[in-house]
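Asker: 3D, please:
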Amino acid sequence: MMIAKRRLLLAVFGCLAALGGARAEQGISATEIAIGTIQDLSGPIAAFGKQTRNGLQMRVDEANAQGGINGRKIRLFVEDSGYDPKKALLAAQKLATEDKVFAILAHIGTAANMAAMPVQFEHDVINFLPLTGAREMYEPPSKLKLSSAPSYYDQIRTSLAYLVPKKGYKRVGILYQDDEFGLEVVRGTEAELKALGLQLIERASFKRGATDFSSQIARLKAANCDLVVLATIIRETVGSIVEARKSGFNPDFVGTSALYTHLIHTLGGPAVDGLYGTNSILNPYSDDESQAVRDWAAKYKEKFGEDPAVFSVYGYDIADVFCVAAAKAGANLTLDSFNAAIESTIFRDPLFGGPDLRFTAKDRLGTRKVHISQIVNSKWKAITPLMDPPAE
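Answerer: This is a model prediction of the structure:
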């Protein structure tokens with residue numbers, strides 16, 4: 001009898017130990033999936049951040065209205081970094097340790113992501129499709145890293161490989177933000193010019209938040225550049241091009257997805273006509289030729305009281321990819337089941353015509369394809385189909 005009781009107690013204790021050792025997946029409960037986002041809602045790219053937040057919220061609301069994901073509603077926590085890496089770190093700490101999110105979606109900014117990733121990774125929080133083209137977002141491969149943004153390095157290589165032979169540029173200069181984002185564009189520019197048998201003629205840098213570009217433009221003008229690469233975002237793009245036009249300096253300008261936004265031609269007016277930029281997804285103008293895009297834009301405007309922009313689409317599409325993967329992972333949603341779903345799915349974008357996204361355990365970047373677009377009559381117009389970067 002004593003032996004039988006001992007065996008029963010050991011069996012009970014064994015079950016309790018097993019239950020105690022099984023940690024519930026952070027951010028996942030029986031009724032909810034907690035996710036977060038870190039956006040600039042008060043700083044120099046607040047327009048991007050607010051549009052991204054709106055796009056995320058729109059898709060989350062749609063999913064919840066349809067019953068959620070495998071019976072769980074999605075709860076979106078939003079934090080403001082002000083485009084400040086220190087604030088981004090604090091935001092990541094809050095999301096990971098207080099809100100206990102499963103993933104951080106669409107975090108905007110290279111420096112902000114670099115600051116936030118270490119603390120979120122300590123808590124196994126996925127950095128899901130951040131809004132930066134930095135290669136650190138998918139290299140080295142990790143189950144906690146997933147990116148759909150072709151690197152700034154590859155974006156500018158793709159543009160130069162297409163434009164330089166076509167237009168015959170000989171004297172290429174660069175204006176760049178003095179941080180990791182800008183330096184990545186510099187590296188890509190130098191690499192592709194070398195492949196084309198050219199050298200970078202002049203470089204001029206500026207600090208994040210700068211508003212005066214007269215000295216930088218004067219240097220590029222003195223070097224007689226016929227093409228200027230811009231590692232700039234909104235106001236730096238507009239400010240530098242307007243300064244160039246004012247000084248009688250009229251080269252062509254080309255940049256990355258960081259400047260691909262309707263705000264450039266809205267704020268810059270005729271001065272920015274002719275600017276080249278790259279992007280995987282095209283801006284959703286309210287008079288888009290696609291009826292589906294026009295209908296979506298109308299729903300967005302009804303919900304948020306303003307027209308959508310490309311960052312609205314980023315947010316919406318990123319939330320959609322998350323929903324598709326989480327649904328495929330099944331009722332037992334864990335980091336491992338989520339990654340298994342990610343790696344076994346081709347994610348397609350039938351609404352906005354973006355490239356297919358494919359991920360593997362060793363390749364955490366979903367696509368390398370971009371369009372080259374140009375501002376023509378105050379609108380972005382794609383001048384190429386989706387293209388892969390040139391081989392190195």
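Asker: which residue ranges of the protein form strands?
Answerer: For the chain, applying DSSP state E gives strands covering 32-39, 73-80, 103-105, 126-128, 145-146, 172-177, 200-206, 227-231, 252-255, 276-279, 371-376, 379-382.
Asker: a markdown table for those strands, including mean pLDDT, distance to residue 156 and mean neighbour count?
Answerer: Any C-beta I mention is one placed from the backbone N, CA and C, and that applies to glycine too. Below are those laid out as a markdown table (pLDDT from 0 to 100; distance: least, CB to CB, whole Å; neighbours: other CB atoms under 10 Å):
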| stretch | mean pLDDT | distance to residue 156 | mean neighbour count |
| --- | --- | --- | --- |
| strand 32-39 | 98 | 25 | 26 |
| strand 73-80 | 98 | 29 | 18 |
| strand 103-105 | 98 | 26 | 26 |
| strand 126-128 | 98 | 23 | 25 |
| strand 145-146 | 98 | 22 | 24 |
| strand 172-177 | 98 | 9 | 25 |
| strand 200-206 | 98 | 12 | 18 |
| strand 227-231 | 98 | 6 | 26 |
| strand 252-255 | 98 | 8 | 24 |
| strand 276-279 | 97 | 8 | 25 |
| strand 371-376 | 97 | 11 | 20 |
| strand 379-382 | 96 | 17 | 16 |
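Asker: ok, which of the ones you listed comes nearest residue 136?
Answerer: The closest of these to residue 136 is strand 145-146. By CB to CB, the value is 8.5 Å.
Asker: what sits against residue 107?
Answerer: Contacts for residue 107 were tallied using CB atoms under 8 Å, 6 or more residues apart in numbering; they are 37, 38, 39, 88, 113, 116, 127, 130, 131, 132.
Asker: rerun that using 10 Å as the cut-off
Answerer: Going by CB atoms under 10 Å, 6 or more residues apart in numbering, residue 107 touches 36-39, 52, 79, 81, 88, 91-92, 95, 113, 116-117, 120, 127-132, 137.
Asker: and what of residue 193?
Answerer: Here residue 193 is in contact with 156, 157, 160, 164, 169, 172, 174, 199, 200, 201, 229 (CB under 10 Å, 6+ apart).
Asker: related to what we said a few turns ago, got the strands of the chain as a markdown table, with distance to residue 242 columns?
Answerer: A markdown table is the format used below for those (distance: least, CB to CB, whole Å):
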| stretch | distance to residue 242 |
| --- | --- |
| strand 32-39 | 27 |
| strand 73-80 | 29 |
| strand 103-105 | 34 |
| strand 126-128 | 36 |
| strand 145-146 | 38 |
| strand 172-177 | 13 |
| strand 200-206 | 15 |
| strand 227-231 | 13 |
| strand 252-255 | 11 |
| strand 276-279 | 17 |
| strand 371-376 | 14 |
| strand 379-382 | 18 |
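Asker: and stretch 55-74, how far apart are its ends?
Answerer: From its first residue to its last, stretch 55-74 covers 14 Å (CA to CA, to the nearest Å).
Asker: hmm, I typed the wrong one, I wanted stretch 138-150.
Answerer: The first and final residues of stretch 138-150 sit 10 Å from each other (CA to CA).
Asker: how about stretch 247-260?
Answerer: End-to-end distance of stretch 247-260 (CA to CA): 24 Å.
Asker: buried ones in that stretch?
Answerer: Neighbour-count burial for stretch 247-260, counted by 16 or more other CB atoms under 10 Å, picks out 249, 251, 252, 253, 254, 255, 256, 257, 258, 259, 260.
Asker: and for stretch 294-309?
Answerer: For stretch 294-309, by 16+ other CB under 10 Å, it's 296, 297, 300, 304, 308, 309.
Asker: from those, pick the one nearest residue 368.
Answerer: Of all the buried residues of stretch 294-309, residue 309 has the smallest distance to residue 368: 23.5 Å, by CB to CB.
Asker: quick one: contacts for that closest one?
Answerer: Contacts for residue 309 (CB under 10 Å, 6+ apart) come out as 47-48, 50-52, 54-55, 261-263, 266, 283-285, 297, 300.
Asker: give me the phi and psi angles of it.
Answerer: For residue 309, the backbone dihedrals (degrees, to the nearest 10) come out as phi -140, psi -180.
Asker: and the gap between it and residue 273?
Answerer: 19 Å (CB to CB, to the nearest Å).
Asker: pLDDT weak spots in the chain?
Answerer: Within the chain, the segments meeting pLDDT under 70 span 1-24.
Asker: how is it divided into domains?
Answerer: 32-150+289-361, 152-279+372-382 (automatic domain parsing).
Asker: any chance of TSV for those, columns distance to residue 26?
Answerer: TSV is the format used below for the domains of the chain (distance: least, CB to CB, whole Å):
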stretch	distance to residue 26
domain 32-150+289-361	5
domain 152-279+372-382	28
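Asker: before we move on, back to that, from the contacts of residue 309, list the buried ones, please.
Answerer: Using 16+ other CB under 10 Å, the buried ones in those are 47-48, 50-52, 54-55, 261-263, 283-285, 297, 300.
Asker: now flag whichever of the residues you listed is closest to residue 364.
Answerer: The closest of these to residue 364 turns out to be residue 52 (CB to CB; 20.5 Å).
Asker: which one of the buried residues of stretch 294-309 is nearest to residue 358?
Answerer: For the buried residues of stretch 294-309, the nearest to residue 358 is residue 296 (24.3 Å; CB to CB).
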